[in-house]
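> just to be clear, the model below is a prediction. Sequence and coordinates:
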Amino acid sequence: MRFGFLFLIFLVAGCTGKPSVDVNTSPDVVIQGFSFVPETLDVSVGDSVVWLNNNSAVHTIVADDGSFSSGVLNNGGFYSFTFTVPGIYEYHCSVHPSMRGVIIVD
């Protein structure tokens with residue numbers, strides 16, 4: 001029965017289109033106080049960045065160049081993106097445009 005329950009969770013999560021993130025993963029960027037903390041993060045090519053919404057308000061993570069977008073994240077929601085190309089990726093919250101961040105990929 002446990003296997004069936006886990007399979008059902010996997011199936012439902014896969015159908016929602018929401019990114020899957022291991023709940024044991026520590027976030028690299030936390031949304032708190034209507035800010036991305038840290039505002040700037042340096043990573044290597046191939047690294048995944050995990051964002052956690054730690055605000056009661058909904059937020060999004062949207063690359064200025066359109067290369068990634070989280071959709072709406074409720075409180076406690078996670079989003080992960082793997083950076084495969086070096087560069088500087090500026091991003092913002094589409095709900096709160098003054099919230100901005102930068103990922104630098106070397």
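Arrived safely, thanks for sending. Numbers count the residues shown, from 1 in each chain.
> could you find the closest non-adjacent residue to the residue nearest the centre of the chain?
The centre of the chain sits closest to Y79, judged by Cα atoms, centre = their mean, with a distance of 2.5 Å. Using Cβ to Cβ, 6 or more residues apart in numbering and skipping residues adjacent in sequence, the residue nearest Y79 is S70, 3.7 Å away. Quick note: C-beta positions are derived from backbone N, CA and C, even for glycine.
> wait, the one you found sits on I61?
Yes. At 4.1 Å, S70 counts as touching I61 under the criterion of Cβ atoms under 8 Å.
> OK, contacts around the closest residue to D64 other than its chain neighbours?
Excluding the flanking residues, the one nearest D64 by Cβ to Cβ, 6+ apart is E90, at 4.4 Å. Residues counted as contacts of E90 (Cβ atoms under 8 Å, 6 or more residues apart in numbering) are A63, D64, D65, R100, G101, V102.
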